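Q: structural data only, the sequence is not supplied:
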């Protein structure tokens, strides 16, 4: 009896946490993409051009972007949150940046009132992607190294620095988080999973 009660006490919070994360993640639209190749746990994806709002990381970065979508913009319009939150880490060409993807339904995004925030279009392209769990990483972390190794093995040439996508709120336990590392690649033909 004691053992079954202990199992229930342990399992119930875990099940509730998993369900809560899934519901939270399902409540947001995500950046659209098409999977060109799936070679678990790696993928090659085609992304369309995305409208993003971005700021340099450090201090108040998330809140600067959150205020923009919460009416701190030229239209004083509330804009829906989407996933993932994109981050470029230390040592990248563009410097440390955080970006929110703007909803596809937003034809012309309003201008930010905060001069530290800017709106731009991220060019369409093909990306190699690896999904991972746990905490945030930078471009020298395990996930980026693993993705670069797979790309080299399969013949995909990196065209830019790694970009990280984070899908869950910071209070989500690491083992439940959906994180991704993406590297732009130039692909003319997609080798088959059994290829080089």
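A: Arrived safely, thanks for sending. Just so it is clear, the structure is predicted and the values come from calculations on it, not from any experiment.
Q: quick one: the residue positioned nearest the centre of the chain from residue 130, how far?
A: Centroid-nearest residue in the chain: residue 165, 1.6 Å away (criterion: Cα atoms, centre = their mean). According to Cβ to Cβ, to the nearest Å, residue 165 stands 11 Å off from residue 130. Heads up, the C-betas are built off the backbone N, CA and C, glycines and all.
Q: burial measure for residue 124, as a count.
A: Look at residue 124: counted by other Cβ atoms under 10 Å, it has 10 neighbours.
Q: so where do the helices sit in this structure?
A: Remark: helices assigned in the chain by DSSP state H are 2-26, 61-69, 142-154.
Q: mean pLDDT for these: which is lowest?
A: Averaging pLDDT over each of these singles out helix 2-26 as the lowest, with a mean of 48.
Q: and the pLDDT for residue 88?
A: 89.
Q: how about residue 129?
A: In this model, residue 129 is scored at 98, pLDDT.
Q: quick one: it from residue 102, how far?
A: Look at residue 129 and residue 102: by Cβ to Cβ, they are 21 Å apart.
Q: residue 162 now?
A: Distance from residue 162 to residue 102, by Cβ to Cβ: 22 Å.
Q: so where's the protein uncertain?
A: Applying pLDDT under 70 to the chain picks out residues 1-26, 90-95, 187-196.
Q: and the strands in it?
A: Secondary structure of the chain by DSSP state E: the strands cover 29-30, 34-39, 42-47, 50-56, 82-83, 85-88, 97-101, 117-122, 125-132, 157-158, 163-166, 179-186.
Q: okay, these in TSV with distance to residue 71 next?
A: What follows is the strands of the chain, written out as TSV (distance: least, Cβ to Cβ, whole Å):
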stretch	distance to residue 71
strand 29-30	19
strand 34-39	33
strand 42-47	28
strand 50-56	13
strand 82-83	17
strand 85-88	19
strand 97-101	14
strand 117-122	13
strand 125-132	32
strand 157-158	39
strand 163-166	24
strand 179-186	29
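Q: among these, which comes closest to residue 72?
A: Closest of these to residue 72 is strand 117-122, at 8.2 Å (criterion: Cβ to Cβ).
Q: now that closest one: buried residues?
A: 117-119, 122 (16 or more other Cβ atoms under 10 Å).
Q: many thanks, have a good one.
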